[in-house]
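*Asks:* what follows is a predicted protein model with its sequence.
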Amino acid sequence: QLSSRAADGRMMGSNNPGGAGGGGGMAPGTGAGGSDGRHDDEAVLTEFLSSLMDYNPTVPDELVEHYLGRSGFHCPDLRLTRLVAVAAQKFISDIASDSLQHCKARVAAPVKDNKSKQPKDRRLVLTMDDLSKALREHGVNLKHPEYFADSPSAGMAPSTREE
């Protein structure tokens, strides 16, 4: 797992969680100026990046390097590759969670035509509509055909197929 400092939100700018007044994490001999906060942020960032060397992300390093290379970004530092992998993992997790929420909302919506049409087993089936709604909330527009076919003649009557 990632270090606890990254998990508790310290990277986002908050310094010592228990130190009210800002004096808890200051090194001796440093003033209360703005440079101390920057030094603490750099130390937390350095520690976070070093913790990425021990972390094995869900998205493989090779996959991240492939897509970074396709976009023109080449970096030999494995820590940056893993940082992108963690960001991608977070994005995928958010999309999956939002899709699940859309699916639950769709299933919970009452059927207006006939109450007997409501399914008795409450299994959730994610649809492309659920996924596209979640992606749209994150700025990704997904356009998909109404159906998919293996070949242009799939679904046609055998007498009308051109082979």
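*Replies:* It's in.

*Asks:* from here on, just use CA atoms for contacts and neighbour counts.
*Replies:* Fine.

*Asks:* would you map the helices across the chain?
*Replies:* 4-7, 35-51, 61-70, 78-108, 128-137 (DSSP state H).

*Asks:* do you know which of these lies nearest R122?
*Replies:* The minimum distance between R122 and those falls on helix 78-108, with 8.3 Å, by C-alpha to C-alpha.

*Asks:* now do that closest one against helix 61-70, angle only.
*Replies:* If you take axes from the mean of the first three to the mean of the last three C-alpha atoms, to 10 degrees, helix 78-108 sits at 100 degrees to helix 61-70.

*Asks:* would you turn the helices of the chain into CSV with mean neighbour count and distance to K143?
*Replies:* Output for the helices of the chain, formatted as CSV (neighbours: other C-alpha atoms under 10 Å; distance: least, C-alpha to C-alpha, whole Å):
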stretch, mean neighbour count, distance to K143
helix 4-7, 13, 35
helix 35-51, 15, 37
helix 61-70, 14, 22
helix 78-108, 17, 16
helix 128-137, 17, 8
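
*Asks:* okay if I get the ones you listed as JSON lines plus mean pLDDT?
*Replies:* Putting those into JSON lines (pLDDT from 0 to 100) gives the following:
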{"stretch": "helix 4-7", "mean pLDDT": "41"}
{"stretch": "helix 35-51", "mean pLDDT": "85"}
{"stretch": "helix 61-70", "mean pLDDT": "95"}
{"stretch": "helix 78-108", "mean pLDDT": "93"}
{"stretch": "helix 128-137", "mean pLDDT": "91"}
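
*Asks:* make JSON lines from those and add distance to R122 to it.
*Replies:* Listed next are the helices of the chain as JSON lines, based on distance: least, C-alpha to C-alpha, whole Å:
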{"stretch": "helix 4-7", "distance to R122": "34"}
{"stretch": "helix 35-51", "distance to R122": "42"}
{"stretch": "helix 61-70", "distance to R122": "36"}
{"stretch": "helix 78-108", "distance to R122": "8"}
{"stretch": "helix 128-137", "distance to R122": "17"}
